[in-house]
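Colleague: Below: sequence and its predicted model.
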Amino acid sequence: MKTLKYLFLLIVLAGNYFAQMENSLSNNKNQKFDGLVPISVTIGGDFIVNGTFTAVNLQRVDHFITNIYAEAKEVSAGMLNQKELASELKRKLNDYALRNIKLIRANGVVKNLDLLKFRLTGDFEDSPYLLNDDVIIFPENNIETNFIDISGAVNKSTKFLFKEGDRLSDAILFAYGLNEAYENVTQVEVSRLSNFGMNEEVTITNITDDPLLQRGDRIRVLFNENYKKAYKVLVVGEVQKPGYVYITKNNTTIKDVIEKCDGFSDNADLKRSELIRGTDKTSLLTINSIKQKYEDKEDVNSLFVAANINDLNLEKMKMARMADIALEDTSYFSIDNSLRVLSNSGLIDFAMIYSDTTEDGNYRVNDGDLIVIPELEELVYIFGQVAKPGYTNFIKNANFSDYISKAGGLGEDADEIRIIRGGSREWLTAEPETEIFAGDYIYVQKEVKSSQETSIMQTSTIISAIGTAATIVLVILQIMATK
């Protein structure tokens, strides 16, 4: 049914186009241009519209075909309201061959044209001037079976329609030439499948031999990998010269990077500084969001976020499948494992990267890594069961009770008080002698009060467990008594 719909639509488009061209011909007849003579050209075969159209005698084939295509595309775009139908028609409009095109002259002469090659070489032999009563026949664009595929050390891997007589040089031409980034590129690997696709014949040949190709050949231009790439890391925050820093492949240390940034600023918070690996998709989520602010790029794609969530869930399942941990430990492991996947940070003490007593400065960075040096915050955050949770200024030598007083004192249901370190997020039990640092958190836990229903359930569980244990003991005693 859809095929009939497209066929009907194309017929309508062709009718509209004929009417436009008739008007154009009528107008041309009423105008006198020196050297420009209206002629009739017929298009047939597998093209978006078939029929006889008006051209001029000084018009070349490619120019004429491009105009016909542009007009048909414009007409179709104005006629379609359904998004799905318009998208499908647009695909069909682009599905026509640029090679193996036959130009049949009125005197019987037949030329085989290659507009794809003309557009790359400018050789007018493949796009001659039109003559009156020329006929242009387009072949089927069956690129799925009648193709050449080329990849490797070329400027653009491509798949194109095969034409009898094609040579290796033609394939390289359609791939926009050899990629100059690779040195000493002299050979190609040609892979040929049998008719049933079950067997493969692979040959290595020199590029200079320029062999003839066969339908379905798959060509790989061989090369030695070039490792001259734009390896770099992004450093943001409190360094003297933030921005991108160029590095070597797997041989630049974190110390080298910071030195290229002329060191840390006086406001650098080295305890909260971190290196985020750019080698996996989940870390890229964080990196891209920061780069977006740094480089004013577009927002992170929501589909990319969803993909990272799926990766996280998959990693959880992989870890849990053969785990031998107790059930009560699974929640804690799930949290730790999620942080492992999402953070993917390097274990670096930035305060020690210039020290000769540790290996922190020798940590090697990779292309795409992100180094974040936050500003030193002279603040402490108090939250939980306090009257006024929030930030307050850091006070040197003050203990947790001083900060709780600044937060309006403890709430009615206050329980244990914990200190959470700003850098490591380590939880400590608050003691009078526990030192508080800038960036730390003070959390006052809430006393958990069991409801009557919960107490009954807990009591019932205990009684049930005792009853089960007593039954087991009784059975054992009975077995022993029978022996």
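Modeller: Done, it's in.
Colleague: which SSE is residue 63 in?
Modeller: Using DSSP states H and E, residue 63 maps to helix 61-79.
Colleague: What residues sit buried inside that helix?
Modeller: By 16 or more other Cβ atoms under 10 Å, the buried positions in helix 61-79 come out as 61, 62, 64, 65, 68, 69, 71, 72, 73, 75, 76. (C-beta placed from N, C-alpha, C; glycine too.)
Colleague: and if you look at stretch 184-193?
Modeller: 185, 187, 188, 190.
Colleague: Would you format these as CSV with secondary structure, pLDDT and distance to residue 412 included?
Modeller: Shown next, in CSV, are these (DSSP: H, G, I helix; E, B strand; the rest coil; pLDDT from 0 to 100; distance: Cβ to Cβ, whole Å):
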residue, secondary structure, pLDDT, distance to residue 412
185, coil, 95, 78
187, strand, 97, 82
188, strand, 97, 80
190, strand, 97, 82
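Colleague: Which members of these are the farthest-apart pair?
Modeller: 185 and 190 (15.0 Å; Cβ to Cβ).
Colleague: Show me where this protein has its helices.
Modeller: Using DSSP state H, the helices of the chain run over 2-29, 61-79, 83-93, 115-121, 168-174, 254-260, 281-295, 302-321, 330-343, 400-406, 452-482.
Colleague: buried residues in the fifth one?
Modeller: This means helix 168-174. Applying 16+ other Cβ under 10 Å to helix 168-174 flags 168, 170, 171, 172, 173, 174 as buried.
Colleague: which ones are touching the fifth one?
Modeller: Think residue 173. Applying Cβ atoms under 8 Å, 6 or more residues apart in numbering to residue 173 gives the contacts 117, 120, 121.
Colleague: Most neighbours out of those, which is it?
Modeller: Within the contacts of residue 173, neighbour counts (other Cβ atoms under 10 Å) peak at residue 117, which reaches 20 neighbours.
Colleague: Model confidence score at that one, please.
Modeller: At residue 117, the pLDDT value in this model is 95.
Colleague: Grab the nearest non-local neighbour of it.
Modeller: residue 126 (5.5 Å; Cβ to Cβ, 6 or more residues apart in numbering).
Colleague: coming back round to it: which one of the contacts of residue 173 sits closest to residue 443?
Modeller: Of all the contacts of residue 173, residue 443 sits closest to residue 120, with 67.7 Å by Cβ to Cβ.
Colleague: can you tell me how far the residue nearest to residue 376 when sequence neighbours are not counted sits from residue 136?
Modeller: Residue nearest to residue 376 in three dimensions, not counting chain neighbours: residue 269, with 4.1 Å by Cβ to Cβ, 6+ apart. Here the criterion is Cβ to Cβ, to the nearest Å. By it, residue 269 lies 71 Å from residue 136.
Colleague: With residue 130 instead?
Modeller: Distance of residue 130 to residue 136, computed by Cβ to Cβ: 9 Å.
Colleague: Mutual contacts of those two, please.
Modeller: Common neighbours of residue 130 and residue 136 (Cβ under 8 Å, 6+ apart) are 41, 61.
Colleague: got the domain boundaries for the protein?
Modeller: Domain ranges of the chain: 2-138, 147-221, 232-369, 379-446, per automatic domain parsing.
Colleague: And the ones you listed, which one averages the lowest pLDDT?
Modeller: Of all the domains of the chain, the minimum mean pLDDT falls on domain 232-369 (a mean of 73).
Colleague: okay, now residue 115: neighbour count?
Modeller: So residue 115, with other Cβ under 10 Å, has 17 neighbours.
Colleague: thinking again about what came up before, quick one: contacts for the residue nearest to residue 376?
Modeller: Contacts of residue 269 by Cβ under 8 Å, 6+ apart are 238, 373, 374, 375, 376, 377, 438, 439.
Colleague: so the fourth one touches residue 267, yeah?
Modeller: What it means is residue 375. Yes: using Cβ atoms under 8 Å, residue 375 is in contact with residue 267, at 5.1 Å.
Colleague: Find residues that contact each of the two.
Modeller: residue 238.
Colleague: that older thread, closest to residue 278 out of the contacts of residue 173?
Modeller: Nearest to residue 278 among the contacts of residue 173, counting by Cβ to Cβ, is residue 120 at 37.2 Å.
Colleague: does that closest one really touch residue 172, like I thought?
Modeller: No: Residue 120 is beyond contact range of residue 172, at 10.8 Å (criterion: Cβ under 8 Å).
Colleague: got any residues that touch both of these two?
Modeller: Common neighbours of residue 120 and residue 172, using Cβ under 8 Å, 6+ apart, do not exist here.
Colleague: Packing partners of the helix holding residue 63?
Modeller: Judged by 3 or more Cβ pairs under 8 Å, 6 or more residues apart in numbering; DSSP states H and E, the packing partners of helix 61-79 are helix 2-29, strand 38-45, strand 51-56, helix 83-93, helix 115-121.
Colleague: pull the CA atoms of it into PDB?
Modeller: C-alpha atoms of helix 61-79 as PDB (Å, rounded to 0.1, in the frame of the first residue of the first chain):
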ATOM      1  CA  VAL A  61      24.400  17.100 -18.200                       C
ATOM      2  CA  ASP A  62      25.300  17.500 -14.500                       C
ATOM      3  CA  HIS A  63      23.900  21.000 -14.400                       C
ATOM      4  CA  PHE A  64      20.700  19.900 -16.000                       C
ATOM      5  CA  ILE A  65      20.300  16.900 -13.700                       C
ATOM      6  CA  THR A  66      21.100  19.000 -10.600                       C
ATOM      7  CA  ASN A  67      18.400  21.500 -11.600                       C
ATOM      8  CA  ILE A  68      15.800  18.800 -12.200                       C
ATOM      9  CA  TYR A  69      16.600  17.200  -8.800                       C
ATOM     10  CA  ALA A  70      16.400  20.500  -7.000                       C
ATOM     11  CA  GLU A  71      13.100  21.400  -8.500                       C
ATOM     12  CA  ALA A  72      11.500  18.000  -7.700                       C
ATOM     13  CA  LYS A  73      12.800  18.200  -4.200                       C
ATOM     14  CA  GLU A  74      11.400  21.700  -3.600                       C
ATOM     15  CA  VAL A  75       8.000  20.700  -5.000                       C
ATOM     16  CA  SER A  76       7.800  17.500  -2.900                       C
ATOM     17  CA  ALA A  77       8.800  19.400   0.300                       C
ATOM     18  CA  GLY A  78       5.900  21.800  -0.200                       C
ATOM     19  CA  MET A  79       3.400  19.100  -0.800                       C
END
